[in-house]
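1. The sequence and its predicted three-dimensional model are supplied below.
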Amino acid sequence: MDSSPKRTSTSLRQQSSTLSDDSFESSSTLLASPTSTSFRRPGYARVPSVVEEGPVPSVDEVLQPSSDHSRGLGIANIDTQKRSTVSRVPVGSKSSPGTPSSSDPLLSPASSKSIHKVHHDEGSPYERNAPEAIYTPEPNVYQPFAADSDRERLHKKAAPALSNANLRCTSKRALASGRSSWLSISILILSIYSTFFSGFWLFIAIIKPRYNHMIGSKHMTQQTASVLYAAFAKSIELSFVTVFVALLGQILSKRALGERKSITIAEMSMRSWVLQPGTMIAHWESVRYAAVTYLGAIALVAAVMATLYTTASDALVAPRLKFGRAEHRLMYGKVSTSFANTYTIMDRCTTPIPKRDDPDSGGQTCVSLEHSGEAYHNYMQYLGAWSEHIGVGNSSNNMADRPAPVAMLYDNTTVRGTWTEVTNMTELSQKWKRTVNNVTMAMPHSGIVKAARDPRNDIVQPQDLSGLGEYHVQASVPSPVLNVLCAELTEKELVPMVYAEWPGFNGTYPNSTSWPNQFNLALKSPKKTAVDDLFGFSKDQVYPIFPKLPQPYNTVLNYSGIYGAQAIYLLATSRDSAYTLCSMRAALGTNCSTEYHSSGSGGSLNTNCEADNRLMYGRSQPRAPNGMWVRDWVNVASQWGLALSLNAGITDGMASNARLLTQLIPKSSTLEMSLPSISEALAVLASCTLIQSALDSPFIHYWNYSTTVTTLADPQYQAFNATLRTVNFQSGGTQRWQNLFFIVLLLVFLGNLCCLVYFLASGNLVTDFVEPQNLFCLSLLSPPSEALEGTCAGGPDKEHYSTMWNIKLDKSRDHVWFEHNEKNRGTLHKYKGSWSGSTQQTEIEMQGSPVARMYSRIRKKRSSLL
């Protein structure tokens with residue numbers, strides 16, 4: 001084999017001379033000076049350009065010199081310095097400026113060696129492919145690089161024509177990655193994470209858990225919880241998008257590699273729907289063509305679900321303050337004293353005066369101040385409510401429609417009672433042939449407030465939620481009840497009950513200091529009165545004894561009875577000198593329940609005495625008697641009456657409270673619509689005694705501890721039935737329409753589950769050719785096609801979105817490229833002969849290439865529905 005430089009140079013010059021007449025404009029020159037430093041491109045070979053039309057020449061015709069062709073171009077640097085060994089000659093000149101020591105200036109050294117080897121190596125594999133290496137039989141859309149002068153950069157029309165033999169793109173990486181690759185492991189981990197937490201998020205939204213003490217000022221704040229839930233939701237959304245896009249890439253890549261199906265440009269853009277949902281609006285053409293397919297519809301749904309997932313999580317999973325369902329449970333409260341224990345009330349009263357400084361009267365003084373303060377506060381609230389009712393014309397003579405009794409507890413809890421066992425005053429007066437007014441007031445059990453705050457009941461308090469919490473307790477406990485019965489009596493009917501009217505009276509009227517201790521009030525034989533049956537006077541419960549008949553606008557109080565009296569009595573004289581006798585007694589009622597509502601701004605304590613109340617105490621304790629009068633309350637009420645100056649009439653004191661009470665005495669046998677009665681007023685004034693008496697007392701209707709001890713040094717818990725509703729941080733929507741977001745949570749979970757099953761079952765992951773970096777490389781190394789003609793500047797048009805594409809393999813070089821599917825669209829590929837001709841290989845030739853084996857296996861798989 002002759003390998004002299006001279007022969008090689010001559011052959012290459014003849015080869016290059018064929019380029020000047022067919023491919024270049026007359027005004028351009030080739031920039032190919034091997035010795036030039038400005039435009040030198042080592043390692044790249046100048047290859048022949050394509051011709052417009054004409055028959056394909058043979059190898060010999062190409063290599064033999066022809067008189068019709070020039071012998072090439074000699075290009076010299078126009079600079080004064082000698083930077084090139086080749087001189088410039090006009091285009092088409094037959095003289096060759098080449099030197100014996102240099103090759104054709106149009107070819108780089110690498111190109112010269114390649115063509116030299118093709119010309120002289122007999123029987124080499126490159127010689128069999130020599131026609132493809134030297135000449136491309138079909139025209140190329142690119143024009144060769146050209147410039148108007150050798151000083152300028154390459155013209156934009158210039159581009160190298162690549163052929164099958166020049167492009168040695170052997171894949172350096174496998175077509176698919178195994179299970180142990182980082183790509184497979186990372187995708188599988190993300191799929192497991194997204195599936196687990198999206199399922200967990202859906203589970204939370206369904207069961208709507210309450211967080212109780214987990215979220216609050218003592219532990220995690222609401223702001224921290226909101227941030228954590230939003231972060232988890234965002235991570236689920238991002239992992240779902242990543243996993244679904246990976247699944248989308250696997251399906252499209254395998255479809256493109258398969259034989260039965262192809263992919264379109266519209267389907268390639270589906271990953272952008274999920275990653276950038278706004279592209280569905282900006283590039284709606286792709287949605288138009290891809291959304292009608294099964295895979296496109298799924299991708300469209302996935303894009304919408306991924307967009308709404310964080311919103312759905314915020315609506316259904318993120319903790320919100322809301323009332324929970326009513327919870328029937330046992331609650332516990334501490335019991336330390338019996339009901340209406342006057343000694344406990346005195347010990348509980350706070351005063352700066354030490355007990356040692358006033359051991360005898362210190363407690364009574366404190367309690368008197370407490371009674372007067374609370375009683376007058378409650379009374380003024382009640383009278384104010386009456387003024388409001390009268391102002392709006394909402395007055396009534398029906399007890400159920402008249403203002404309810406009110407009180408205050410702990411200065412932040414409003415107490416509201418109920419008028420119970422309402423009687424008809426007119427009928428009652430006709431029955432007893434005198435004006436009779438009988439009212440019964442039920443007040444809530446004040447011990448419920450302490451019980452609700454007891455740590456044993458584990459109720460989240462409003463302050464635990466930065467003042468935003470609330471709860472509602474309905475307790476099945478007895479309710480303190482106060483009955484006030486007032487009747488009109490004449491002076492004659494009062495003679496047995498007034499000490500100054502007795503036949504043996506010596507004329508010395510008692511005063512507040514001497515009464516009743518300095519008078520013998522024992523009755524050997526109590527006389528009958530006109531109201532024994534009405535007030536229940538008997539040998540066991542004798543009628544009261546008053547010191548004197550009060551003057552108009554005055555009242556006197558009877559508290560002289562020995563222990564065992566069931567009531568205290570008040571005698572009042574109106575402006576018209578009409579006398580009214582009132583009895584007041586307390587009991588524990590069974591027809592009501594106590595309701596307590598607590599919030600950050602305060603609380604309210606009410607009674608519920610409705611007939612259909614399922615938690616009334618009588619239903620929890622069917623054997624409990626109703627109206628069992630409490631005798632201990634008489635001692636509490638006596639101290640209360642003296643504190644409110646209800647006995648000031650003994651000295652004609654003309655107390656303001658007594659004056660107002662006497663003005664409320666009914667003047668007829670019907671209730672006045674614009675004024676409360678004296679019975680109602682006395683009940684409201686005495687409501688504070690019921691509240692004080694119930695604190696720390698049992699939650700049942702009797703004292704179930706030692707009969708000899710009425711207080712406990714160590715308080716004991718006592719259970720009672722209750723219904724509890726709390727406002728707490730809870731997952732779940734606050735509006736009914738928010739349940740629509742369950743669709744988003746469900747579909748995202750199902751999508752994650754399908755992706756996880758797919759990745760677990762598929763094993764190896766094929767190269768995702770839809771990813772931008774892979775798609776760019778594959779497109780750059782693929783031949784052009786008429787199917788996309790006109791898309792180079794403005795992108796694809798409507799008809800281009802539906803063109804079908806497959807990925808082909810050159811098994812001799814493990815090279816893959818995109819090719820238009822001619823079966824589906826019928827458009828010819830310009831480079832069919834050059835790029836596709838080498839895909840025909842035998843099974844023996846395919847065994848040595850992992851890329852070819854994976855390619856063959858994918859193509860033989862059955863196509864799925866997607």
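-> It's in. These numbers were taken from a predicted model, which means no experiment stands behind them.
2. Report the separation between residue 411 and residue 377.
-> Distance, residue 411 to residue 377, by CB to CB, to the nearest Å: 10 Å. C-beta: built from backbone N, CA, C; applies to glycine.
3. Of the two, give the one with the bigger neighbour count.
-> residue 377 (15 against 7; other CB atoms under 10 Å).
4. Could you tell me the per-residue confidence at that one?
-> What the model reports as pLDDT for residue 377 is 94.
5. For it, which non-adjacent residue is closest in space?
-> residue 408 (6.0 Å; CB to CB, 6 or more residues apart in numbering).
6. what about the helix or strand encompassing the one you found, distance to the chain center?
-> In the assignment (DSSP states H and E), residue 408 maps to strand 406-409. Distance of strand 406-409 from its chain centroid, counting by CA atoms, centre = their mean, to the nearest Å, is 39 Å.
7. For it, which strands pair with it and how are they oriented?
-> Strand 406-409 has the following strand partners under DSSP bridges: strand 413-416 (antiparallel).
8. With only the CA atoms kept, save the partner strand in PDB.
-> These are the backbone C-alpha positions of strand 413-416, laid out as PDB (Å, rounded to 0.1, in the frame of the first residue of the first chain):
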ATOM      1  CA  THR A 413     -69.000  34.300  84.900                       C
ATOM      2  CA  THR A 414     -72.500  35.400  84.400                       C
ATOM      3  CA  VAL A 415     -75.100  33.200  86.200                       C
ATOM      4  CA  ARG A 416     -78.600  33.000  84.800                       C
END
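9. Which SSE is immediately downstream of it?
-> Next helix or strand after strand 413-416 toward the C-terminus (DSSP H and E): strand 418-420.
10. Would you mind pulling up the elements that the next helix or strand along the chain from that following strand packs against?
-> Heading C-terminal from strand 418-420, the first helix or strand you meet, by DSSP H and E, is helix 425-432. Counting by 3 or more CB pairs under 8 Å, 6 or more residues apart in numbering; DSSP states H and E, the packing neighbours recorded for helix 425-432 are strand 436-442.
11. and the angle from the strand it packs on to helix 425-432?
-> On the basis of axes from the mean of the first three to the mean of the last three CA atoms, to 10 degrees, strand 436-442 is oriented at 130 degrees to helix 425-432.
12. Which strands or helices does strand 436-442 pack on?
-> strand 418-420, helix 425-432, strand 479-489, helix 678-685.
13. What are the contacting residues of that strand?
-> Contacts to strand 436-442, defined as CB atoms under 8 Å, 6 or more residues apart in numbering, come from residues 399, 405, 417-423, 425, 428-429, 479-488, 534, 589, 591-592, 607, 609, 666, 669, 671, 677-680, 683-684, 687.
14. how deep is residue 412 tucked in, by neighbour count?
-> Residues near residue 412, counting by other CB under 10 Å, number 11.
15. can you pull the buried residues of stretch 374-389?
-> Neighbour-count burial for stretch 374-389, counted by 16 or more other CB atoms under 10 Å, picks out 374, 375, 378, 379, 381, 382, 385, 386, 389.
16. How far off centre is that stretch?
-> With CA atoms, centre = their mean, you get 45 Å for stretch 374-389.
17. Repeat that for stretch 535-542.
-> How far stretch 535-542 lies from its chain's middle: 67 Å, per CA atoms, centre = their mean.
18. Let me know the average pLDDT across it.
-> On average, stretch 535-542 scores 87.
19. distance between the ends of that stretch?
-> 10 Å (CA to CA, to the nearest Å).
20. How about stretch 206-225?
-> Across stretch 206-225, first to last residue, CA to CA, it's 19 Å.
21. Residues touching that stretch, excluding its own?
-> 318-319, 324, 458, 460, 463-466, 468-469, 726, 728-732, 742.
22. Is the residue nearest to residue 377 in contact with residue 375, as I believe?
-> No: between residue 408 and residue 375 there is no contact, the gap being 10.6 Å when judged by CB atoms under 8 Å.
23. rewinding a little: spell out which residues sit in contact with the residue nearest to residue 377, please.
-> Each residue near residue 408 by CB under 8 Å, 6+ apart is listed here: 374, 377, 378, 381, 414, 415.
24. let's see 10 Å
-> 373, 374, 377, 378, 381, 414, 415, 605, 687, 688, 691 (CB atoms under 10 Å, 6 or more residues apart in numbering).
25. and what of residue 198?
-> Contacts of residue 198 (CB under 10 Å, 6+ apart): 233, 236-237, 239-240, 309, 313, 745-753.
26. one more time with 7 Å, if that's ok
-> Residues near residue 198 by CB atoms under 7 Å, 6 or more residues apart in numbering: 236, 240, 748, 749, 752.
27. Sort out which one of those residues lies nearest residue 361 for me.
-> Nearest to residue 361, judged by CB to CB, of those is residue 236 at 72.0 Å.
28. buried stuff in the helix or strand hosting the closest one?
-> Using DSSP H and E, residue 236 maps to helix 222-257. Buried residues in helix 222-257, defined by neighbour count with 16+ other CB under 10 Å: 222, 225-226, 229, 232-233, 236-237, 239-257.
29. Skip ahead from that helix and say which helix or strand is next.
-> Following helix 222-257 in sequence, per DSSP H and E, is strand 263-264.
30. Each with direction, which strands does that next one pair with?
-> strand 804-810 (antiparallel).
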